[in-house]
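Visitor: Just need the structure, nothing else, for what follows:
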Amino acid sequence: MQSIKQEIDSLVPPTSFSDGLVRRDFLKAALGAGIAAAALPARSATMIATDANGLTAGTVSIPAGDRDIPAYLAQPEGKTGLPVILVVSEIFGVHHYIADVARRFAKAGYLALAPDLFVRQGDPNAYASVGELVKNLIAKVPDAQVMKDLDACAAWAGTHGGDANRLGINGFCWGGRIVWLYAAHNPKLKAGVSWYGRLVNDKTPATPTEPLDLVADIKAPVLGLYGVRDAGIPVATVEDMRLKLQRAGKESDFVIYPDAGHGFHADYRPGYVKEDAEDGWKRALEWFGKHGVG
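Guide: A predicted model of the protein is given here:
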């Protein structure tokens with residue numbers, strides 16, 4: 001554990017914000033802090049701040065092929081042989097909310113690792129709008145690159161206090177789609193939880209397949225958490241995925257919340273739905289425990 005501590009940067013997550021907005025001086029903060037400009041406005045009243053008491057938490061550097069990638073690590077201090085959760089961010093990158101989710105998993109007994117999967121293409125903090133961010137950065141991130149980087153993170157975790165045989169993945173929005181892809185990619189994955197991850201996407205050189213194409217290849221059980229009011233993910237596509245998985249004999253489960261829209265777990269955004277977020281979190285922990293991750 002000493003080697004991990006030597007790698008970790010000293011990070012103090014923000015715990016309070018004025019006027020419901022994140023101050024501009026947080027926007028260029030270290031990995032795991034601040035909120036990306038494109039994600040504003042944020043709401044201070046609902047933002048959850050999980051402390052790092054009893055945890056080893058901060059930034060680590062992970063060898064991943066052609067370069068090292070930064071990742072936010074959170075795990076129970078002094079413990080080894082821990083189940084591993086890869087936490088995959090939204091398009092806004094590894095900011096305060098994603099780091100907080102990692103700490104929540106760590107408080108539940110996991111080694112949680114949230115990698116910066118956009119580092120080769122750029123910094124989400126450089127873009128002021130979602131449209132600019134998607135066009136100039138997200139659309140240029142190849143699925144194949146992401147799969148390799150996640151494999152590197154899983155391997156690193158297995159030699160830094162984690163149990164490589166108890167691997168799970170949890171992702172939100174962009175990361176929710178990645179969960180489905182990774183479940184089809186890595187035969188060592190035990191389980192995944194996809195929060196409002198797209199099941200249908202534009203096919204480009206960077207994103208040549210969509211989750212609905214990969215049903216036959218999915219190797220790990222996935223829990224899908226979706227909202228009826230999500231304008232970007234029609235319930236019909238969720239039901240289509242459910243049916244295809246059932247026909248293929250793949251273990252999965254879906255919860256579709258009638259009052260939730262996109263991003264209902266993101267406690268810093270206006271679309272946060274406390275009851276559904278808490279229910280989904282409870283289900284996620286139960287899902288990982290049921291399938292040998294916890």
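Visitor: residue ranges with poor pLDDT in the chain?
Guide: Scanning the chain for pLDDT under 70 picks out the ranges 1-30, 44-45.
Visitor: give the contact list for the residue nearest the centre of it.
Guide: Closest to where the C-alpha atoms of the chain average out (Cα atoms, centre = their mean) is residue 88, at 2.4 Å. By Cβ atoms under 8 Å, 6 or more residues apart in numbering, the residues touching residue 88 are 114-115, 117, 150, 169-172, 174-176, 178-179. No exception for glycine: its C-beta is placed from N, CA and C like everyone else's.
Visitor: and the residues you listed as a markdown table, adding neighbour count and secondary structure?
Guide: What follows is the contacts of residue 88, written out as a markdown table (neighbours: other Cβ atoms under 10 Å; DSSP: H, G, I helix; E, B strand; the rest coil):
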| residue | neighbour count | secondary structure |
| --- | --- | --- |
| 114 | 32 | strand |
| 115 | 26 | strand |
| 117 | 24 | coil |
| 150 | 26 | helix |
| 169 | 30 | strand |
| 170 | 29 | strand |
| 171 | 26 | strand |
| 172 | 28 | strand |
| 174 | 22 | helix |
| 175 | 25 | helix |
| 176 | 28 | helix |
| 178 | 28 | helix |
| 179 | 28 | helix |
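Visitor: Leaving out chain neighbours, which residue sits closest to residue 244?
Guide: Leaving aside its sequence neighbours, residue 244 sits nearest to residue 215 (Cβ to Cβ, 6 or more residues apart in numbering; 4.6 Å).
Visitor: In contact with that neighbour, which residues?
Guide: Listed by Cβ under 8 Å, 6+ apart, the contact partners of residue 215 are 241, 244-245, 248, 250.
Visitor: I'd assumed it was in a helix, is it?
Guide: Yes. Applying DSSP: H, G, I helix; E, B strand; the rest coil, one finds residue 215 inside a helix.
Visitor: Among the contacts of residue 88, which one sits closest to residue 81?
Guide: residue 169 (19.1 Å; Cβ to Cβ).
Visitor: for the closest one, which residues make a bridge with it?
Guide: With DSSP bridges as the criterion, residue 169 is bridged to residue 86, residue 192.
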